[in-house]
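need coordinates for the following:
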Amino acid sequence: MSQTVVTGDRTIGPLHLGHFAGSLQTRLQLQQNHHSFILLADTQALADHQGDYRQVRQAVIDVALDYLAVGIDPKKSTILIQSMVPELAELSFYLMNLVSVARLERNPTVKAELRAKGNEGHKVSAGFLSYPVSQAADITALRGTLIPVGADQLPMIEQTNEIVRRFNQTVGSEILHECQALLSNTTRLPGIDGKGKMSRSAGNQISLSASSDEITAAVNKMYTDANHLTIGSPGQLEGNVVFSFLDAFDSDSAQLTELKAQYQHGGLADAVIKARLNDVLQNLIAPIRQRRHELAQDSDAILSLLLCGSAKARETAALTLHKVKTAMGMYYF
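Coordinates of the predicted model:
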């Protein structure tokens, strides 16, 4: 049975191979037989880019171009801009009254991000801290039932469902619906430096618009096995970034299995597996980069598409908000 899919990223910016290996491929599959909303969270992105509004605006365009270039079809998936659906912000405000500050601070995803900020953690904005509520509003307003996420986002889905249950209990009616997380078949892709996951903030990503030279340079920098000192010495697969990428993107599984066996036995140079990965990534990214370049020539068409998608999303969000305000008794005439 078809379900409504809602997905998006809070820290919007150009997409990279980590996105493609994970939730992006899932989104491409789901749009074939599900009703999909893809949210460009510009409002929430301001929590990390306060005062840099132009950067957020450009990021919206960049992400939209990436989505379209990889095959997201606006006839099958509704791409919307968060700030252009004001019902999301209004619903967020109502839902905030159902969640304590202490509960938000206990959210594992929020705690991890606060730790990452180190000594700057005490300076976080209320908007940053209330991200789980904002996400709950996005999901519930658009009637999302299936949410593609990474494993690190599971606490967000859990908290969304907590908020749904709390709201329904408060008004005494099943107005909002719980949702189900959908994890990608591919685990999080490591950064090219082997330090944690691939991310823009860490600068260890390969973007979907990377040039041929940028791809080659990134592959050459990739961590393999520090103990693989000679061609003849056995190599380790675990923690080997090159093989992690080959697992994610090399479609010739039989040949890849042979390469792994040879590498583990000894007799295969790092340069050989890097050359193979370079070919794989060049073939993957080249058509995406070309399509993106073509789409970028008509910025008005991209903005028009986003306007149409946002207007369509507003219809769904407005209906949800009407039901919420009716249940809360907030119509006075």
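
can you name every helix or strand that the top helix by length along the chain contacts?
Longest helix in the chain, counting residues (DSSP state H): helix 299-327. Judged by 3 or more C-beta pairs under 8 Å, 6 or more residues apart in numbering; DSSP states H and E, helix 299-327 is in contact with strand 35-40, helix 53-70, strand 77-81, helix 86-96, helix 131-141, helix 270-296. C-beta: built from backbone N, CA, C; applies to glycine.

list the contacts of the fourth one.
Okay, so that is helix 86-96. 43, 82, 130, 133-134, 136-138, 140-141, 163, 167, 314, 317-318, 320-321, 324, 328 (C-beta atoms under 8 Å, 6 or more residues apart in numbering).

on that earlier part again, including distance to Q159, mean neighbour count and mean pLDDT, could the helices and strands packed on helix 299-327 go into TSV?
Below are these laid out as TSV (distance: least, C-beta to C-beta, whole Å; neighbours: other C-beta atoms under 10 Å; pLDDT from 0 to 100):
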stretch	distance to Q159	mean neighbour count	mean pLDDT
strand 35-40	17	25	94
helix 53-70	24	19	90
strand 77-81	22	24	95
helix 86-96	10	19	97
helix 131-141	5	26	95
helix 270-296	34	17	96
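
redo those as TSV? Include distance to A47.
Formatted as TSV, the helices and strands packed on helix 299-327 follow (distance: least, C-beta to C-beta, whole Å):
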stretch	distance to A47
strand 35-40	15
helix 53-70	10
strand 77-81	16
helix 86-96	13
helix 131-141	7
helix 270-296	27
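
so which of these gets nearest F243?
helix 270-296 (7.0 Å; C-beta to C-beta).

quick one, the closest one and helix 53-70 angle?
Helix 270-296 and helix 53-70 meet at an angle of 110 degrees, taking axes from the mean of the first three to the mean of the last three C-alpha atoms, to 10 degrees as the criterion.

mind listing the strands for the stretch 151-300 of the chain?
Applying DSSP state E, counting those that start in this stretch to the stretch 151-300 of the chain gives strands spanning 180-183.

now the helices for it?
For the stretch 151-300 of the chain, applying DSSP state H, counting those that start in this stretch gives helices covering 154-171, 212-221, 241-249, 253-265, 270-296, 299-327.

shouldn't V149 be in contact with S23?
Yes - applying C-beta atoms under 8 Å, one finds V149 in contact with S23, separated by 6.9 Å.

which one's more surrounded, the two?
S23 (24 against 20; other C-beta atoms under 10 Å).

could you list the domains of the chain?
4-190+298-327, 212-293 (automatic domain parsing).

please identify the deepest-packed of these.
Highest mean neighbour count among these (mean count of other C-beta atoms under 10 Å): domain 4-190+298-327, with a mean of 18.

endpoints of that domain, how far apart?
Taking C-alpha to C-alpha, to the nearest Å, the first and last residues of domain 4-190+298-327 lie 23 Å apart.

now stretch 127-147
Across stretch 127-147, the terminal residues are separated by 22 Å (C-alpha to C-alpha).

over to stretch 232-239?
OK, stretch 232-239 end separation, C-alpha to C-alpha: 20 Å.

so where's the stretch 101-250 of the chain uncertain?
118-122, 185-187 (pLDDT under 70).

ok, now which ones touch the closest residue to V101 other than its chain neighbours?
Distances taken as C-beta to C-beta, 6 or more residues apart in numbering put L129 closest to V101, at 7.2 Å, once the chain neighbours are dropped. Neighbour list for L129: V101, L104, E105, V110 [criterion: C-beta under 8 Å, 6+ apart].

how far away is the first one from A254?
In this case it means V101. To A254, V101 is 54 Å away according to C-beta to C-beta, to the nearest Å.

and what of A226?
Counting by C-beta to C-beta, the gap from A226 to A254 is 29 Å.

and what of Y131?
44 Å.

can you tell me which of the helices of the stretch 151-300 of the chain comes nearest to G235?
Shortest separation from G235 across these is recorded for helix 253-265, at 4.4 Å, computed as C-beta to C-beta.

may I have that closest one as PDB, with CA atoms only?
Provided in PDB are the C-alpha atoms of helix 253-265 (Å, rounded to 0.1, in the frame of the first residue of the first chain):
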ATOM      1  CA  SER A 253      30.100  -7.500  -7.200                       C
ATOM      2  CA  ALA A 254      31.800 -10.600  -8.600                       C
ATOM      3  CA  GLN A 255      34.900  -8.700  -9.600                       C
ATOM      4  CA  LEU A 256      34.900  -6.800  -6.300                       C
ATOM      5  CA  THR A 257      34.800 -10.000  -4.400                       C
ATOM      6  CA  GLU A 258      37.900 -11.200  -6.300                       C
ATOM      7  CA  LEU A 259      39.700  -7.900  -5.600                       C
ATOM      8  CA  LYS A 260      39.000  -8.200  -1.900                       C
ATOM      9  CA  ALA A 261      40.300 -11.800  -1.800                       C
ATOM     10  CA  GLN A 262      43.500 -10.800  -3.600                       C
ATOM     11  CA  TYR A 263      44.000  -7.700  -1.400                       C
ATOM     12  CA  GLN A 264      43.600  -9.800   1.800                       C
ATOM     13  CA  HIS A 265      46.000 -12.500   0.500                       C
END
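
distance from it to the middle of the chain?
Its chain's C-alpha centre and that of helix 253-265 lie 31 Å apart, by C-alpha atoms, centre = their mean, to the nearest Å.
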